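[1] make a model of this:
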Amino acid sequence: MANRWISAVLLALAPACMASTGIEYQQTTYAWTGPMGVLALVDDWSGDLHKGGEDGFAWDQRRAGVFYNSLQVSYVYRLQAQYRFPWQAAQGYYQYVHQADLAEENRFQTRIEVEHYQGEGPALAYRFEGDHWYLTPEYNQLNIYKLYWGSLEGELYYQNQDNWGGDIQLDYGYTDDAVVRRELDQRSYGTLHGLNLSAGWEHGNYKVDYQGYNLLARIDWPDMPYTSARVCTDCTFFLYGYEYFQDRVERPARVHWVYQQYQWNPTLAFTLNTLLNPIHNSWQLGADWLAAGIHWQGGVEANSGAIRLGLQQQYVRLGVMAEPVALKESRTLQLDMGLRLAF
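    As a prediction, this is how the structure comes out:
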């Protein structure tokens, strides 16, 4: 679907190609998890557990589009996920997945919150600019085909594969039920309407660029599958409550990226890249060295020690970041890439 849409846009604009016309691809992927390495966690929690590790955040956005003067039309894929969970919940789930056999029950109170969506769709942006600034508002409309949204709260316990369970209050919407395995007859879909903003300003040797997503945004979901119930493994009835469909509106969290640079001399600049969101913030200190027409970039994330390496030239940019451990065990991962060709 995405490839057909992009091809149609390219064909429609092809007759108008001139110096200010071109194609563009961008991808920004950032993931952080508290309990263990990102790749280990998605591989069924197969890594080492970090004591005290809590919460998780993931952002994966890819866009392909065309631009004509100040107008840009794109097709966007996005996954945004943020999880709030305490260390005890991570430890208990880890013991369950690895079929641990404990001498005593690990019993704890917990609250888990999740806002996770995945979708794709068109985006339209227009760039306003002056001598030392630019401002680019963007509207996107994403078809959301995967969603988990809500909370779980109560008591859980684990000792071994024959003695585990809990008594919790469950309130969440979903496209497929990951908790009590409710069977659904058909898929349901929502729509994310979002206003994003890119802006930049420079003065002397200093410049700053900003990208903000979901600054004004809502997910409209008619007939969302929803469960509001007490779930109790040791009670007479496993489920006390309701499983139903409901028209709902959810508000995705804002995500902010800020890129700052100070040009020390014609070939060397110092940089500070910042990611801000409700779950996890990132501060990346770095340097940019110009040699042979290529900007060679390096840096370190202050709060994790992750190392960032990258390069950028007229048409292409590429950057990667991970902690200085085995890749599977890195709790911070980032991939940034882009391609821009003007005709």
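[2] how near is the most far-flung residue of the chain relative to its centre to Gly310?
    Distance to the chain centre peaks in the chain at Thr236, reaching 40.1 Å (criterion: C-alpha atoms, centre = their mean). Distance of Thr236 to Gly310, computed by C-beta to C-beta, to the nearest Å: 59 Å. For the C-beta atoms, the positions are set from N, CA and C on the backbone; glycine is no exception.
[3] what's the answer for Ala125, then?
    Taking C-beta to C-beta, one finds Ala125 at 24 Å from Gly310.
[4] what's the answer for Gly47, then?
    Distance from Gly47 to Gly310, by C-beta to C-beta: 26 Å.
[5] and if you look at Tyr262?
    18 Å.
[6] more neighbours: the two, which one.
    More neighbours surround Gly310 than the other of Tyr262 and Gly310, with 19 against 15 (other C-beta atoms under 10 Å).
[7] tell me the secondary structure for the residue nearest to that one when sequence neighbours are not counted?
    Leaving aside its chain neighbours, Gly310 sits nearest to Gly319 (3.0 Å; criterion: C-beta to C-beta, 6 or more residues apart in numbering). Three-state assignment for Gly319 (DSSP: H, G, I helix; E, B strand; the rest coil): strand.
[8] run through the bridge partners of Gly319.
    For Gly319, the beta-bridge partners under DSSP bridges are Gly310, Asp336.
[9] my guess is Tyr174 contacts Trp149, does it?
    Yes. Using C-beta atoms under 8 Å, Tyr174 is in contact with Trp149, at 7.4 Å.
[10] helices or strands up against the one helix or strand Glu202 maps to?
    Assigned by DSSP states H and E, Glu202 belongs to strand 190-203. With contacts taken as 3 or more C-beta pairs under 8 Å, 6 or more residues apart in numbering; DSSP states H and E, strand 190-203 sits against strand 106-126, strand 133-160, strand 206-232.
[11] tabulate the ones you listed in a markdown table, adding columns for distance to Tyr83 and mean neighbour count.
    Listed next are those as a markdown table, based on distance: least, C-beta to C-beta, whole Å; neighbours: other C-beta atoms under 10 Å:
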| stretch | distance to Tyr83 | mean neighbour count |
| --- | --- | --- |
| strand 106-126 | 5 | 18 |
| strand 133-160 | 9 | 18 |
| strand 206-232 | 17 | 18 |
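[12] any stretches of this protein with poor pLDDT?
    Low-confidence segments of the chain (pLDDT under 70): 1-19.
[13] center of it - which residue?
    Short answer for the chain (C-alpha atoms, centre = their mean): Trp59, at 1.4 Å.
[14] what about Trp289, neighbour count?
    12.
[15] can you tell me the SS state at the nearest residue to it once chain neighbours are set aside?
    The spatially closest residue to Trp289, leaving aside those adjacent along the chain, is Trp296, at 4.8 Å (C-beta to C-beta, 6+ apart). Using three-state DSSP, the secondary structure recorded for Trp296 is strand.
[16] isn't Trp296 up against Leu311?
    Yes. Using C-beta under 8 Å, Trp296 makes contact with Leu311 at a distance of 5.6 Å.
[17] distance to Asn273 for the helices and strands packed on strand 190-203 - can I get that in a markdown table?
    What follows is the helices and strands packed on strand 190-203, written out as a markdown table (distance: least, C-beta to C-beta, whole Å):
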| stretch | distance to Asn273 |
| --- | --- |
| strand 106-126 | 22 |
| strand 133-160 | 18 |
| strand 206-232 | 10 |
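[18] nearest to His256, of the ones you listed?
    Closest of the helices and strands packed on strand 190-203 to His256 is strand 206-232, at 5.1 Å (criterion: C-beta to C-beta).
[19] residue contacts, the residue nearest to Ala322 when sequence neighbours are not counted?
    With C-beta to C-beta, 6+ apart as the criterion, Ala322 has its nearest non-adjacent residue at 4.3 Å, and that residue is Ser330. Residues near Ser330 by C-beta atoms under 8 Å, 6 or more residues apart in numbering: Gly37, Val38, Leu39, Ala306, Ala322, Glu323.
[20] distance check, Ser330 against Ala342.
    Taken as C-beta to C-beta, the span from Ser330 to Ala342 is 36 Å.
[21] ok, now Asp176?
    43 Å.
[22] same question for Ala81.
    In terms of C-beta to C-beta, Ala81 sits 35 Å off from Ala342.
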